[in-house]
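Visitor: Sequence unavailable; structure follows:
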């Protein structure tokens with residue numbers, strides 16, 4: 001892992017001392033098996049070890065004792081039904097990211113050092129009493145010389161260094177666990193830890209958070225229902241960030257909202273619409289939309305804060321989610337299963353027939369229900385459980401998206417227990433699906449088809465020579481050599497799927513043209529696509545014939 005800038009030694013703790021601290025915390029909770037699997041058992045006396053299973057409550061207690069790195073790791077894992085069973089997820093979800101505040105004078109010293117000794121000139125006032133405190137940083141109310149009220153977030157001295165120390169130890173533990181524990185190898189915990197480290201380092205960098213806030217503000221520019229705080233860059237660095245102060249009621253304080261004349265149902269609808277816009281329209285979303293990051297102003301406008309964690313929806317995720325949506329609408333478990341496999345990372349052999357059967361049973365369970373009648377949280381949990389059972393690990397951006405949608409539904413139903421999130425999400429999902437059938441989307445798929453065909457044409461002769469070498473050496477008894485063919489077979493399968501799909505493009509365009517004639521999709525873009533149909537069909541036929 002790349003090194004991250006550090007503040008100072010975390011209270012003089014060395015690498016070996018921190019290893020012993022971690023091992024001792026696990027031992028105190030009786031987590032002997034976890035000690036053994038991670039190699040930390042070597043750092044403490046035998047008398048402290050207890051060879052017991054990692055009970056959920058004991059694991060949570062150990063993580064809380066060990067501080068910010070482990071608390072955040074537990075919080076992230078608690079949202080991953082593709083990794084952990086429900087009992088562990090429910091317990092780890094109770095982890096709270098809190099910490100005693102640092103002294104106000106110490107926070108001010110950090111601010112002054114970051115501003116080159118010019119903090120007195122930069123702020124007309126700075127409240128030494130923190131507004132809020134967490135494990136990585138704390139917030140202070142201040143005013144600028146022109147009287148603007150702001151909030152200054154200050155990263156704790158030594159926080160980055162301690163986190164880097166913990167990440168280094170966790171990396172060692174992950175490598176040991178892969179060698180000693182089949183489950184750890186199957187879940188590929190080394191890569192999972194690398195992804196966690198990336199997210200945590202981004203959260204440490206307040207400059208990155210400021211950029212995220214500005215991008216989000218640009219996406220909601222002109223929306224009267226949303227307010228994103230302004231970033232004051234003259235007093236922002238990687239260790240401090242100065243933001244416009246937003247005032248309002250807590251989104252969970254239903255009594256205060258009703259007293260202010262705000263309809264909780266309409267507020268739940270508005271909050272869900274904001275999330276849907278971020279995910280489906282902007283493809284850039286707030287990664288931690290818990291109620292503490294939402295403020296409700298007197299006029300009902302929603303203020304969003306804390307953009308340290310954000311997520312994106314890339315082309316691949318959008319394409320496969322669109323296919324999953326089509327599969328669900330058509331009650332086609334095969335299509336859903338193929339897209340789940342395409343999205344996830346396989347951590348073991350997959351029985352595709354059994355996977356299709358499990359998805360078929362799930363779709364049958366929801367048959368006859370409208371989207372508004374389905375609990376999004378329950379449906380997502382069901383799909384994640386199927387993924388975990390069939391050894392499919394979800395990509396990090398999809399896992400974060402799942403967390404955001406689940407938290408969004410939870411917040412909305414807290415406001416209005418009768419609220420049906422599907423009714424608000426449905427129009428966005430349909431529009432997203434139509435966008436996947438647009439000329440631009442079809443052009444993108446055709447372009448990728450050509451890239452795959454070209455790659456296959458380049459690789460094919462070399463792979464054939466390797467195949468002949470393997471056969472000449474006695475066949476496929478040597479599994480390592482046979483494994484050299486897997487990238488070729490995967491590419492051929494992907495290309496075959498795209499060629500088969502491309503045969504249907506003409507029929508799709510024809511159907512869309514009929515819709516356009518009926519007034520459903522009357523756009524000039526479709527007429528251009530219709531005129532381009534002969535060229536498109538000829539190109540697809542040529543690629544299919546050449547391969």
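Guide: Looks like it arrived, so ask away. Remember, it's a predicted structure, so these values are computed and weren't measured experimentally. Numbering: from 1, shown residues only.
Visitor: ranges for the strands of the stretch 201-350 of the chain?
Guide: 226-227, 240-244, 249-250, 284-286, 294-296, 302-304, 310-312, 345-346 (DSSP state E, counting those that start in this stretch).
Visitor: So which of those strands is nearest residue 198?
Guide: Smallest distance to residue 198 across the strands of the stretch 201-350 of the chain (CB to CB): 12.5 Å, for strand 310-312. Quick note: C-beta positions are derived from backbone N, CA and C, even for glycine.
Visitor: What is the closest one packed up against?
Guide: If contacts are counted by 3 or more CB pairs under 8 Å, 6 or more residues apart in numbering; DSSP states H and E, strand 310-312 sits against strand 284-286, helix 396-415.
Visitor: which intervals of the stretch 351-500 of the chain have sub-threshold pLDDT?
Guide: In the predicted model, the stretch 351-500 of the chain carries pLDDT under 70 at residues 370-372, 429, 432-500.
Visitor: Which stretches in it count as helices?
Guide: Under the criterion DSSP state H, counting those that start in this stretch, helices of the stretch 351-500 of the chain are mapped to 352-365, 376-389, 396-415, 421-435, 439-472, 479-482, 486-503.
Visitor: How about the most centrally placed residue in the chain, nearest residue that isn't a chain neighbour?
Guide: The C-alpha lying nearest the average C-alpha coordinate of the chain belongs to residue 400 (CA atoms, centre = their mean; 2.0 Å). Of all residues not flanking residue 400 in the chain, residue 311 sits nearest, at 4.1 Å (CB to CB, 6 or more residues apart in numbering).
Visitor: how close does the residue nearest to residue 406 when sequence neighbours are not counted get to residue 281?
Guide: With CB to CB, 6+ apart as the measure, residue 377 is the residue that lies nearest to residue 406, at 4.9 Å, once sequence neighbours are left out. Distance, residue 377 to residue 281, by CB to CB, to the nearest Å: 22 Å.
Visitor: Let me see the residues that make contact with stretch 106-116.
Guide: Under the contact criterion CB atoms under 8 Å, 6 or more residues apart in numbering, stretch 106-116 has outside partners 118-120, 122-123, 126, 128, 130, 138, 140, 152, 154-155, 157, 235, 237, 239-240.
Visitor: in that stretch, what counts as buried?
Guide: 107-108, 110-112, 114-115 (16 or more other CB atoms under 10 Å).
Visitor: and of the residues you listed, the nearest to residue 166?
Guide: Using CB to CB as the measure, the one of the buried residues of stretch 106-116 that approaches residue 166 most closely is residue 110, at 21.0 Å.
Visitor: on that earlier part again, verify the contact between the residue nearest to residue 406 and residue 410 for me.
Guide: Yes: under the criterion of CB atoms under 8 Å, residue 377 makes contact with residue 410 at 6.8 Å.
Visitor: hang on, the earlier thing: between residue 377 and residue 281, which has more neighbouring residues?
Guide: Taking other CB atoms under 10 Å, residue 377 and residue 281 do not tie; residue 377 has more neighbours (17 against 13).
Visitor: ok now do that one, which residues does it touch?
Guide: Contact criterion CB under 8 Å, 6+ apart gives 406, 409-410 as the residues in contact with residue 377.
Visitor: Report the separation between it and residue 412.
Guide: Residue 377 sits at a distance of 11 Å from residue 412 (criterion: CB to CB).
Visitor: Including mean neighbour count and mean pLDDT, could the strands of the stretch 201-350 of the chain go into JSON lines?
Guide: Listed next are the strands of the stretch 201-350 of the chain as JSON lines, based on neighbours: other CB atoms under 10 Å; pLDDT from 0 to 100:
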{"stretch": "strand 226-227", "mean neighbour count": "20", "mean pLDDT": "95"}
{"stretch": "strand 240-244", "mean neighbour count": "24", "mean pLDDT": "98"}
{"stretch": "strand 249-250", "mean neighbour count": "16", "mean pLDDT": "90"}
{"stretch": "strand 284-286", "mean neighbour count": "23", "mean pLDDT": "94"}
{"stretch": "strand 294-296", "mean neighbour count": "22", "mean pLDDT": "91"}
{"stretch": "strand 302-304", "mean neighbour count": "21", "mean pLDDT": "94"}
{"stretch": "strand 310-312", "mean neighbour count": "19", "mean pLDDT": "92"}
{"stretch": "strand 345-346", "mean neighbour count": "14", "mean pLDDT": "72"}
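Visitor: Go through the helices and strands packed on strand 310-312 and pick out the most buried.
Guide: When these are scored by mean count of other CB atoms under 10 Å, the highest mean neighbour count falls to strand 284-286 (a mean of 23).
Visitor: Which elements pack onto that one?
Guide: Checked by 3+ CB pairs under 8 Å, 6+ apart, strand 284-286 has helix 206-219, strand 310-312, helix 396-415 packed alongside it.
Visitor: just checking, next helix/strand downstream of the helix or strand containing residue 36?
Guide: Of the helices and strands defined by DSSP states H and E, residue 36 is found in helix 32-38. Beyond helix 32-38 in the direction of the C-terminus, DSSP H and E gives the next helix or strand as helix 56-66.
Visitor: Walk me through the domains of this protein.
Guide: The record, using automatic domain parsing to delimit domains, assigns the chain the ranges 15-98+160-204, 250-433, 439-546.
Visitor: Which of those domains sits closest to residue 223?
Guide: domain 250-433 (8.2 Å).
Visitor: still on that earlier bit, report the buried members of the contacts of stretch 106-116.
Guide: Under a neighbour-count criterion of 16+ other CB under 10 Å, the subset of these counted as buried comprises 119, 122-123, 126, 130, 138, 140, 152, 154-155, 157, 235, 237, 239-240.
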